[in-house]
Structures are given as C-alpha cells and as structure tokens.
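Chemist: Structure for the following, please:
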Amino acid sequence: MRSFYLKIAVIFSAILILFGLLVVTITMRASSDIAKEAIQKTNQDITAVLAKEFQPMLAKSFNQDEIEEKLTELSGKNPQFDFYLLSSTGYVKSVIPASKEKIALDQIALDTEPLDRFINGDPLPILASDPLNPDREKPFSAANISIMGSEGCYIYVVLEGDQFTQATAMITESYIMRGTLILLGVVFIISLVTGLFVFSNLTSRLEKIKKTVKGFERGQLNERIEVEGNDELSELSICFNRMADTLVENMKEIQKTDRLRRELVANVSHDLRSPIASIQGYLETIQMKGDTITRDELHNYFGTVLSNTKKLNSLIDGLFELSKLDAEEVTPNLEKISMAELIQDLVQQFRPIAEKREVTLEAQFPTNPNNLIEADIGLMSRALTNLIDNAIQHTPEGGKVTIATVESGQDFVIEISDTGCGISEEDLPHVFDRFYQADKSRSEKQGAGLGLAIAQKILHLHGAEVMVSSIENRGTTFRVALPGNGIPA
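Modeler: This next block holds a predicted model:
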C-alpha cells in the first residue's frame with residue numbers, strides 16, 4: 001500500500017460501493033414510500049363508500065356469513081386489498097379473505113390512533129398495522145361505522161393485502177432487484193474506470209514531480225518540473241522550480257562568497273606580509289647595528305617603519321569598515337548637504353596630492369550649484385574620497401581628473417572622470433570586488449583594493465546607483481546617481 005495510486009484506487013472503490021449500497025437502499029425505500037402514498041391517496045375514499053353499503057346490514061344484526069359473502073365479493077374484485085371490521089377498541093370482528101384462520105379474532109386489537117388521524121383528514125401518508133403481519137405497517141383506508149348500535153366502530157381496508165405483499169416481494173426479489181443491481185454495476189464500473197483514469201493522470205504527474213525532486217536531491221540541479229495545466233499541481237511545480245532556482249542561485253552565491261573568502265585570506269596575507277616583513281627587517285637591522293647605527297640611518301629606518309605601520313593601520317581600518325558595512329551595522333545619519341560645497345572641499349583636500357603627481361584636478365558645477373541633497377556627510381565624503389583617490393592614483397603625469405555634478409531627470413548625478421590608462425573589458429565587471437586590482441603586479445604604491453568596494457557599499461546605503469565606464473588608454477568615468485531632485489538651498 002505504499003503506492004499513492006493504489007491507496008486512491010482502493011479508497012475510491014470502497015466509496016463507490018458504499019455509495020451504491022446507500023443509493024439502492026434509499027431508492028428502494030423511497031420507491032416503496034411513494035407507492036404506499038400513491039395507493040393510499042388513490043383509494044382514500046374506498047371505505048367511505050363501503051361504510052354506506054354495509055351500514056344497513058349491520059344496523060340491527062351481525063350476520064357473519066352475509067358480511068363475508070359481501071366482503072368476498074368485493075375482495076374478488078380487488079384481490080390486493082384485505083377488508084376488516086373493527087370494534088371501537090380495535091378488535092377484529094370480521095376479515096376477508098379466507099386467510100383469517102391465521103389470526104385469532106378475539107386476540108387481535110389494533111392501535112386506532114392512526115385510523116382516527118386518517119378519518120380526521122391528517123396529511124398522508126399514514127400507516128397502520130396489518131392484522132395478518134402485526135410487525136409491519138401498511139397504507140390503509142378507514143371509516144367509522146355503527147355495528148348493532150355500537151358507535152365508533154371501523155371498516156378498515158389494508159391497501160396492500162397479504163397476496164399483494166407476497167407478489168410485490170417476489171417481483172422485488174426478481175425484477176427490480178436484478179435490474180437495480182445491474183444498473184448499479186454498470187454505473188459502478190463506468191465510475192470506477194473513469195475515476196481510475198483521472199487518478200492515473202494525476203498520480204502520473206505526481207510521479208514526474210517526485211522523479212524531478214529526487215533528481216534534484218541527488219545533485220541534478222538543472223532538473224525542473226514541466227508545468228502542465230493550471231491547477232494546484234501546476235502551482236506546486238512552479239513553486240518547486242522557483243525554489244530550485246533560488247537554491248541554485250544561493251549555492252552560486254555561497255560558492256562565490258567562499259571563493260572571495262579564500263581570496264580575501266590570500267590578499268590580506270599578501271598585503272600584511274610585505275609591511276610586516278619590512279617592519280621586522282628594519283627593526284632587526286636597528287637591533288643588530290646597535291650603537292654603530294648613524295642618526296640618518298636611524299631616521300630613514302624609522303620613517304620606513306612608520307610608513308609601513310600606517311599602511312597596516314589603513315588596511316585594518318578598511319577591513320573593519322567593510323565588515324561593518326557588510327553586516328549592515330552602519331546607518332546613515334541623513335541631513336541636507338550641499339554637494340557643491342562638499343566636492344569643493346574634497347578638491348581642495350586632494351589638490352596638493354594631484355599637483356605632486358602632476359595631475360590636474362578640476363571641479364565642474366551646474367548653473368545652480370547650491371542645490372542640496374539628503375545624505376550622511378561623513379559617509380558620502382568617505383565614498384567620494386575613495387573614488388577621487390582612485391582616479392588620481394590611476395592617472396599618469398600630465399593627466400586630468402574632473403569632478404562634475406549635474407541634474408539628470410529625477411537623479412542628482414556626480415561624475416568622476418580621469419584620463420588614465422583605463423580598464424579592460426575583462427576587468428571592468430570586477431572593479432568593485434574587494435582586493436581586486438586590474439594591475440596584477442600589485443604595486444606597493446597602490447592600495448589594498450578595498451576603496452571601491454567601500455565606496456559602493458556606502459553609496460548603496462544612500463540608495464544611489466554607481467556605474468563605471470572605461471576605454472583603455474583613454475580613461476575611466478565613475479557615475480553616481482543619487483535618487484531625487486536636488487533640494488533648493
């Protein structure tokens with residue numbers, strides 16, 4: 001019984017059988033009730049007519065033979081009926097047909113309450129006991145009659161007489177039962193075949209789903225369920241496919257994160273090893289020379305140690321800052337700031353550095369440079385500082401770095417362009433990856449490769465979109481689009 005289809009088939013078959021038996025029982029009972037109601041309504045007035053005919057015969061005497069002769073005559077015309085004369089208390093005084101020997105007339109007393117309700121015109125059908133079969137109730141017709149001055153007696157006609165009951169039972173057991181069972185069998189077979197076909201179609205779809213899920217479980221990550229129709233199974237298939245796509249994407253992201261983690265460890269080790277080795281080397285040299293070291297040598301050694309220490313400190317600060325941004329522990333404190341003023345301050349800050357490298361640093365502003373935006377001035381300054389520093393570091397002597405602010409539709413745009421060596425198409429998608437450097441030689445003069453990653457994280461916190469375009473040997477442009485128009489100052 002592990003097969004879902006077999007379980008459904010067995011349950012469905014059992015339900016069909018029980019339903020069929022219930023239908024047969026209800027149908028036969030309903031047919032019997034309808035027949036009883038119909039025969040009672042059809043012969044409702046028969047006893048009223050008989051009462052008028054028998055009343056003169058029973059007014060002063062009770063001639064059993066004469067009554068039986070008359071009832072026999074009537075019974076011969078209606079063999080399905082049994083005729084009774086009852087006392088006011090329900091005792092049988094006379095009965096036709098001749099099967100009367102089956103009952104002791106002085107021992108049979110019927111409940112007259114149904115007879116009174118019939119005579120009073122209560123709604124039909126009304127059933128009462130059959131003297132010949134006291135455990136069965138049958139449709140009847142009744143009327144009051146006076147017997148030898150005794151009022152409240154009854155003429156009682158059982159409309160399904162003993163012969164009629166026997167004949168009905170025979171017919172029921174033969175024709176009706178056989179026909180009903182045949183019809184039920186045909187309906188059962190048709191319903192069963194149809195149901196099993198439908199269930200087979202449904203379970204076959206479930207089997208496909210199970211097969212795909214098992215394949216996915218075994219590592220066949222490209223397996224997807226074919227969506228058929230527009231029902232619950234289709235929705236299940238769609239949900240599984242979406243879940244599988246999400247899982248595959250998450251796995252790719254995990255693999256990428258793991259790869260970045262390994263690269264991070266390697267890059268951090270590389271960036272830490274060089275300054276630490278330099279610091280260690282110079283300190284060992286100072287220790288070895290002892291008192292023989294000159295003041296100028298000592299000054300140079302300490303300068304180199306200090307430079308490498310600052311580089312280590314910068315790298316550690318960058319890693320710490322990036323980790324906080326990754327963990328979403330940084331919340332920008334938004335305020336209205338003037339981007340023109342911020343950029344002007346940054347230009348003044350970087351101009352000495354640019355001049356030292358013989359690079360021209362220029363700021364360009366729109367016609368209304370006093371527009372404000374909402375930003376965290378500290379974080380925004382940090383992001384733009386990284387972008388400007390990156391542009392200056394990659395621009396050769398005689399080159400130019402331009403910082404321009406423009407209003408473009410719904411965005412406030414900042415463009416930082418340089419005339420440096422540019423970035424190749426192969427490297428361009430990775431410029432914001434941490435520790436990624438297009439220059440594979442990893443010059444000591446360059447940073448650790450965290451600046452652009454930090455800048456991107458900070459700009460994303462402000463809802464900004466940062467894009468980069470570059471042409472080799474012509475230069476690179478970073479474009480930052482801050483959402484919303486500038487707010488007038």
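Chemist: quick check: longest strand of the protein.
Modeler: strand 133-147 (DSSP state E).
Chemist: Now do the buried residues in that strand.
Modeler: Within strand 133-147, the residues that count as buried by 16 or more other C-beta atoms under 10 Å are 137, 138, 139, 140, 141, 142, 143, 144, 145, 147. C-beta: built from backbone N, CA, C; applies to glycine.
Chemist: Do you know the pLDDT at the second one?
Modeler: It refers to residue 138. Note on residue 138: pLDDT of 85.
Chemist: gap between it and residue 82?
Modeler: Per C-beta to C-beta, to the nearest Å, residue 138 is found 9 Å from residue 82.
Chemist: Return the helix or strand in this structure with minimum mean pLDDT.
Modeler: Among the helical and strand segments of the chain, the one scoring lowest on mean pLDDT, DSSP states H and E is helix 162-171, with a mean of 55.
Chemist: Helix or strand next in line after that helix, which one?
Modeler: helix 177-217 (DSSP states H and E).
Chemist: residues contacting residue 383?
Modeler: 454, 455, 458, 459, 480 (C-beta atoms under 8 Å, 6 or more residues apart in numbering).
Chemist: Which of these sits closest to residue 391?
Modeler: Comparing the contacts of residue 383 against residue 391 with C-beta to C-beta places residue 455 closest, at 11.4 Å.
Chemist: any idea which element that closest one lies in?
Modeler: Going by DSSP H and E, residue 455 is in helix 451-461.
Chemist: Which secondary structure state does the closest residue to residue 465 other than its chain neighbours sit in?
Modeler: Once flanking residues are discounted, residue 465 sits nearest to residue 481: 4.7 Å by C-beta to C-beta, 6 or more residues apart in numbering. Secondary structure, DSSP: H, G, I helix; E, B strand; the rest coil: residue 481 is strand.
Chemist: Do I have it right that residue 481 meets residue 464?
Modeler: Yes: judged on C-beta atoms under 8 Å, residue 481 makes contact with residue 464 at a distance of 6.2 Å.
Chemist: of those two, who's got more company?
Modeler: Residue environment comparison for residue 481 versus residue 464 gives the larger neighbour count to residue 464, 21 against 18, counting by other C-beta atoms under 10 Å.
Chemist: name the helices or strands packed onto the lengthiest helix in the chain?
Modeler: Identified as the longest helix of the chain according to DSSP state H is helix 232-289. Packing partners of helix 232-289 (3 or more C-beta pairs under 8 Å, 6 or more residues apart in numbering; DSSP states H and E): helix 177-217, helix 295-326.
Chemist: Need those helices in JSON lines (columns: mean pLDDT and mean neighbour count).
Modeler: Shown next, in JSON lines, are those (pLDDT from 0 to 100; neighbours: other C-beta atoms under 10 Å):
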{"stretch": "helix 177-217", "mean pLDDT": "76", "mean neighbour count": "14"}
{"stretch": "helix 295-326", "mean pLDDT": "80", "mean neighbour count": "14"}
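Chemist: right, so of those helices, which gets closest to residue 333?
Modeler: Per C-beta to C-beta, nearest to residue 333 of the helices and strands packed on helix 232-289: helix 295-326, 14.6 Å.
Chemist: between that closest one and helix 232-289, how many degrees?
Modeler: If you take axes from the mean of the first three to the mean of the last three C-alpha atoms, to 10 degrees, helix 295-326 sits at 170 degrees to helix 232-289.
Chemist: before we move on, the earlier item: state the mean pLDDT of the longest helix of the chain.
Modeler: Mean predicted confidence for helix 232-289 is 80.
Chemist: repeat for stretch 403-413
Modeler: Stretch 403-413 comes out at a mean pLDDT of 76.
Chemist: Span of it from start to end?
Modeler: 11 Å (C-alpha to C-alpha, to the nearest Å).
Chemist: now residue 335, which residues is it bridged with?
Modeler: The partner list for residue 335 in beta bridges (DSSP bridges) reads residue 375.
Chemist: Return the per-residue confidence for it.
Modeler: For residue 335, the predicted pLDDT is 87.
Chemist: again with the one 10 residues further on
Modeler: For residue 345, the pLDDT comes out at 88.
Chemist: tell me which element the nearest residue to it once chain neighbours are set aside falls in.
Modeler: Sequence neighbours aside, residue 381 is the residue nearest to residue 345 in space, at 8.0 Å (criterion: C-beta to C-beta, 6+ apart). Following DSSP H and E, one finds residue 381 within helix 377-393.
Chemist: So what's the gap between that helix and the chain middle?
Modeler: 47 Å (C-alpha atoms, centre = their mean, to the nearest Å).
Chemist: Pull the contacting residues for residue 112.
Modeler: Counting by C-beta under 8 Å, 6+ apart, residue 112 touches 86, 88, 89, 90, 154.
Chemist: Take these and keep only those in strands.
Modeler: 86, 154.
Chemist: could you flag which of the contacts of residue 112 are buried?
Modeler: 86, 90, 154.
Chemist: what's the spacing between residue 48 and residue 239?
Modeler: 75 Å.
Chemist: hmm, I was thinking of residue 142
Modeler: On the measure of C-beta to C-beta, residue 142 and residue 239 end up 71 Å apart.
Chemist: likewise residue 35?
Modeler: From residue 35 over to residue 239 the distance is 57 Å, taken as C-beta to C-beta.
Chemist: Those two: which has the busier surroundings?
Modeler: It is residue 35, of residue 35 and residue 239, that has more neighbours when counted by other C-beta under 10 Å, with 14 against 11.
Chemist: So that one lies in a helix, does it not?
Modeler: Yes: assignment of residue 35 by three-state DSSP places it within a helix.
Chemist: quick one: pLDDT of it?
Modeler: So residue 35 comes in at 72 (pLDDT).
Chemist: same thing with residue 477?
Modeler: In this prediction, residue 477 carries a pLDDT score of 92.
Chemist: Residue 417 too?
Modeler: 91.
Chemist: picking that back up, only C-alpha atoms, please: export the longest strand of the chain in CSV.
Modeler: The C-alpha trace of strand 133-147 is given here as CSV (Å, rounded to 0.1, in the frame of the first residue of the first chain):
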residue,chain,number,x,y,z
ASN,A,133,-48.5,-9.1,9.8
PRO,A,134,-48.6,-7.1,13.1
ASP,A,135,-44.9,-6.2,12.8
ARG,A,136,-45.4,-4.3,9.5
GLU,A,137,-47.2,-1.1,8.9
LYS,A,138,-49.1,-0.6,5.6
PRO,A,139,-51.2,2.1,3.8
PHE,A,140,-54.9,1.8,4.6
SER,A,141,-58.3,3.3,4.2
ALA,A,142,-60.7,3.6,7.2
ALA,A,143,-64.1,5.0,8.0
ASN,A,144,-66.4,4.9,11.1
ILE,A,145,-69.4,2.6,11.1
SER,A,146,-72.0,1.6,13.6
ILE,A,147,-72.3,-2.2,14.3
